[in-house]
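Q: Sequence first, then the predicted structure, then my questions.
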Amino acid sequence: TAQRSPDAAEVADLHTEVLVVGAGPVGLTLALELNRFAVPTLVIDKSATATQHPKMDITHGRSMELFRRLGVADALRAVAVSEERRTTVTWATGVGGWELARFDYPSVQEQREAIRSVNDGSLALEPSMRVSQVLLEPVLRDEADRAAHVRTAYGWGLESFTETPEGVTATIILTATGERRRVHAAYLLGCDGAGSVVRRQLGIDLGSID
């Protein structure tokens, strides 16, 4: 995956309209959406590389509609489970045990045929897709790296932030060295997952989110 993380000199006292904390699917999709409106955006993530841990499985039709609008649906489908493959989910007592229930899901090709046959708005325009975040995230990183109004700083995490009359001043830290820099932004958006630094500093308890 092409990376264009700024070096320390580039990040020092950087000014941007929006600072997105977290370069997972949510943060990167948000950055690409802001790019559509020419909003200067900086995306940071404490990890220098895309996730290596298995996450996600199904990307539903509404999300695929958003990816289609962003122009990345085809690139994501290229790394997903093949469009002709059907999916079966089985509940069983064990690997060699009794089957308790089975759910069969149509392939992307079968979903497309169903969508073509219905014109009442009850179905999503795009079929759902099976893809691991391990494969999806690098594609979104590549798209963000090429976006005209997005800058990416992988390997830089959020340490803290303070509210200012102009917006937010954030202190970011280079994970590899502990080096710190400041970023001034009109808006800070926390997309940094369950261990969110943004959420913790705001005093929002994870269990209180509905």
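A: Everything's here; your move. Residues are numbered from 1 along each chain as shown.

Q: need the helices for the protein, in chain order.
A: 8-11, 25-36, 61-70, 73-79, 108-116, 133-146, 197-202 (DSSP state H).

Q: right, so of those helices, which gets closest to residue 92?
A: Residue 92 lies closest, by CB to CB, to one member of the helices of the chain: helix 108-116, at 24.8 Å. Using the backbone N, CA and C atoms, a C-beta is placed for each residue, glycine as well.

Q: in the protein, which ranges drop under the pLDDT threshold?
A: Scanning the chain for pLDDT under 70 picks out the ranges 1-12, 208-210.

Q: hmm, back to that, closest to residue 154 out of the helices of the chain?
A: Minimum separation from residue 154 across those (CB to CB) falls at helix 133-146, 7.6 Å.

Q: got a list of contacts for the closest one?
A: The contact list for helix 133-146 (CB atoms under 8 Å, 6 or more residues apart in numbering) reads 1-4, 23-25, 28-29, 31-32, 35, 43, 50-56, 59, 70, 72, 75-76, 79-80, 150, 152, 154.

Q: now stretch 109-124
A: With CB under 8 Å, 6+ apart, stretch 109-124 has contacts from 60, 61, 62, 64, 65, 83, 84, 86, 106, 125, 127, 128.

Q: let's see 6 Å
A: 61, 62, 65, 83, 84, 127 (CB atoms under 6 Å, 6 or more residues apart in numbering).

Q: And the furthest pair within those residues?
A: Farthest apart among those by CB to CB are 62 and 84. That separation is 22.9 Å.

Q: From residue 197, how far off is the most centrally placed residue in the chain?
A: Central residue check for the chain by CA atoms, centre = their mean: the C-alpha nearest the mean position is that of residue 25, 1.0 Å away. Note on residue 25: its distance to residue 197, by CB to CB, to the nearest Å, is 18 Å.

Q: Residue 180 now?
A: 14 Å.

Q: Mind checking the helices of the chain for the one nearest to residue 184?
A: With respect to residue 184, and counting by CB to CB, the nearest of the helices of the chain is helix 8-11 at 11.6 Å.

Q: where along the protein do the strands fall?
A: 14-21, 41-45, 58-59, 87-92, 99-105, 129-130, 150-154, 156-164, 167-174, 180-190 (DSSP state E).

Q: Please identify the most buried of those strands.
A: With neighbours taken as mean count of other CB atoms under 10 Å, those reach their highest mean count in strand 41-45, at a mean of 27.

Q: Counting by contacts, list what that strand packs against.
A: When contacts are defined as 3 or more CB pairs under 6 Å, 6 or more residues apart in numbering; DSSP states H and E, strand 41-45 packs onto strand 14-21, helix 25-36, strand 150-154.

Q: Direction-wise, compare the shortest one with strand 167-174 and give the angle.
A: Our comparison of strand 150-154 with strand 167-174, counting by axes from the mean of the first three to the mean of the last three CA atoms, to 10 degrees, yields an angle of 40 degrees.
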